[in-house]
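A.B. asks: sequence first, predicted model second:
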Amino acid sequence: MCRFASGFLKGSRVALVLACCVLAACGGEGAAGTGGEIQVTEFNAPVVQPAGHYGYGSDASDAEIAGWDIDIRPDGLGLPPGGGSVEDGELLYEDQCAICHGSFGEGVGRYPVIAGGQGTLTESRPEKTVGSFWPYASTLWDYIHRAMPFAEPESLSDDEVYAISAYVLYLNDLVDYDFELNQDNLASIEMPNKDGFFVDDRPDVNNELCMINCKDPAAIEITSEPAPSEAPDPQVQSAAVAGKSPGESIYQQACALCHASGVGDAPILGERDAWAERIAAGRDLMIASSIDGKGVMPPKGGQLQLSDEDIIAAVDYMIEQLAN
Ligand code: HEC
Ligand code: HEC
């Protein structure tokens, strides 16, 4: 313990023994029996290499840096020489990956799905997989190489990583069965979602730095309360301007999220069968469940700033849609 600390402090050559004896492990040495006085001891720290920055440690050797520098760039920079076929990958995958990710990449239990899902990203339940989501094939190689199989990261040879990556690409219909992946062709593989990423363009992530006329920090309040309901919601306003009834505007703003498509089995707007029983139970009950929440539906559809009148207008609008 103390010896280790001395290695850390080489450069000064002098260590306060007490500092490391706080850890009971080296209680027998140094401080014991000194009545708690700080004892300064001098010893020779083994000098392995010249001291690095700040007088600590040593400069990292090329071999040490190479051990950490394993990232692969989208253009293929960093890939080691080698290659592997889909066919070889199939066997390795079955052996080392299928137990968690499934023979077809469908995911076993709650382990990640790594194939399929293409075209689902804009749906309400997007399935993000290697094929549907990842922009670059290089990430696949890098990820498998550094992190998989889950229990034995970095246990695969480079050629095995090429072969398994090829097979995962094959499972995603991105290469044919006779394909062989290598350091020269990996960067040329086009992933379906490569153009799906962009720099966040929402206004609040690009705020200008404030140098003059800034807000008084004391006046800024961080709150989890919904905005007060007096000020009409701009969305509601603009919808009203567009000629919609208040009920329809509220519906669009607060209810359509679920009732347009049936999220969480919400009865879909205008679908009579879905509403028959509820209509039979009566408007009052429907209003009460909308205000108080029911099953998956949160109170007021989650928009607590809405008044009861707003909700009633929306419910009436929803009922009207069944009449046509
Ligand atoms: C013991 C179960 C297990 C095994 C075996 C396993 N994985 Fe995984 N894999 C996981 C888990 C858990 C994650 C999620 C890790 C995380 O998010 O930190 C994961 C993540 C992944 C991902 C990223 C998924 C994503 O979309 O984020 C890929 C790709 C992957 N594994 C490939 C493989 C390959 C190839 C093998 C075989 C060489 C393999 N895995 C073996 C459990 C496993
Ligand atoms: C997060 C999804 C979600 C939102 C948002 C939502 N609902 Fe619902 N709604 C549901 C679900 C799910 C049900 C079916 C609940 C059940 O029967 O267990 C439902 C049921 C209803 C019913 C029938 C209630 C009954 O007693 O049978 C009405 C009326 C209704 N919603 C009105 C609204 C109105 C008005 C809004 C907007 C202010 C709204 N909902 C917003 C999910 C939602």
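C.D. replies: That came in fine, so what should we check first? Numbering: from 1, shown residues only. Ligands and ions are numbered 1, 2, ... in the order given.
A.B. asks: show me the shaky parts of the stretch 1-150 of the chain.
C.D. replies: Scanning the stretch 1-150 of the chain for pLDDT under 70 picks out 1-53.
A.B. asks: show me the helices in it, by range?
C.D. replies: Using DSSP state H, counting those that start in this stretch, the helices of the stretch 1-150 of the chain run over residues 2-9, 17-21, 62-68, 86-96, 98-101, 137-147.
A.B. asks: looking at those, which is nearest to ligand 2?
C.D. replies: Nearest to ligand 2 among these is helix 98-101 (31.6 Å), distances taken as Cβ to the nearest ligand atom. Heads up, the C-betas are built off the backbone N, CA and C, glycines and all.
A.B. asks: just the CA trace of the closest one, in PDB.
C.D. replies: Output in PDB follows, covering the C-alpha atoms of helix 98-101 (Å, rounded to 0.1, in the frame of the first residue of the first chain):
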ATOM      1  CA  ALA A  98     -27.400 -15.700 -30.700                       C
ATOM      2  CA  ILE A  99     -28.000 -16.600 -27.100                       C
ATOM      3  CA  CYS A 100     -28.700 -13.000 -26.300                       C
ATOM      4  CA  HIS A 101     -29.500 -11.300 -29.600                       C
END
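A.B. asks: of all the residues in it, which ones are buried?
C.D. replies: For helix 98-101, burial by neighbour count (16 or more other Cβ atoms under 10 Å) applies to 98, 100, 101.
A.B. asks: ok, and which of the residues you listed reach ligand 2?
C.D. replies: By Cβ under 6 Å from any ligand atom, no member of the buried residues of helix 98-101 lies near ligand 2.
A.B. asks: out of these, which comes closest to ligand 1?
C.D. replies: With Cβ to the nearest ligand atom as the yardstick, the closest approach to ligand 1 among the buried residues of helix 98-101 comes from residue 100, at 3.0 Å.
A.B. asks: that closest one is in contact with residue 150, isn't it?
C.D. replies: Yes. Taking contacts as Cβ atoms under 8 Å, residue 100 lies within contact range of residue 150: 6.6 Å.
A.B. asks: out of the helices of the stretch 1-150 of the chain, which gets nearest to ligand 1?
C.D. replies: It's helix 98-101; of the helices of the stretch 1-150 of the chain, that one is closest to ligand 1 (Cβ to the nearest ligand atom) at 3.0 Å.
A.B. asks: what's the distance between the residue lying closest to residue 106 once chain neighbours are set aside and residue 166?
C.D. replies: Among residues not flanking residue 106 along the chain, residue 113 sits closest, at 5.9 Å (Cβ to Cβ, 6 or more residues apart in numbering). Relative to residue 166, residue 113 is positioned 19 Å away (Cβ to Cβ, to the nearest Å).
A.B. asks: who has more neighbours out of these two?
C.D. replies: residue 166 (32 against 20; other Cβ atoms under 10 Å).
A.B. asks: residues in this protein within reach of ligand 2, list them.
C.D. replies: Applying Cβ under 6 Å from any ligand atom, one finds that the chain approaches ligand 2 through 254-255, 257-259, 263-267, 278, 285-286, 289-290, 294-297, 300-302, 311, 314-315, 318.
A.B. asks: same thing but at 8 Å, please
C.D. replies: Contact residues (Cβ under 8 Å from any ligand atom) of the chain with ligand 2: 250-251, 254-255, 257-259, 263-267, 275, 277-278, 281, 285-290, 294-298, 300-303, 306, 310-311, 314-315, 318-319.
A.B. asks: now those residues: which count as buried?
C.D. replies: 250-251, 254-255, 258-259, 266-267, 275, 278, 286-287, 289-290, 297, 300-301, 303, 306, 310-311, 314-315, 318-319.
A.B. asks: just checking, which of the residues you listed belong to helices?
C.D. replies: In this view, those that belong to helices under DSSP state H are 250, 258-259, 275, 278, 286-287, 289-290, 310-311, 314-315, 318-319.
A.B. asks: out of the residues you listed, which comes closest to residue 94?
C.D. replies: Nearest to residue 94 out of these is residue 258 (Cβ to Cβ; 41.4 Å).
A.B. asks: before we move on, back to that, check the ones in helices among the buried ones among the residues of the chain next to ligand 2 against ligand 1, which are close?
C.D. replies: Counting by Cβ under 8 Å from any ligand atom, no member of those is near ligand 1.
A.B. asks: could you pull out the strands for the chain?
C.D. replies: Per DSSP state E, the chain carries strands over the ranges 14-16, 40-42, 83-85, 180-182.
A.B. asks: many thanks, have a good one.
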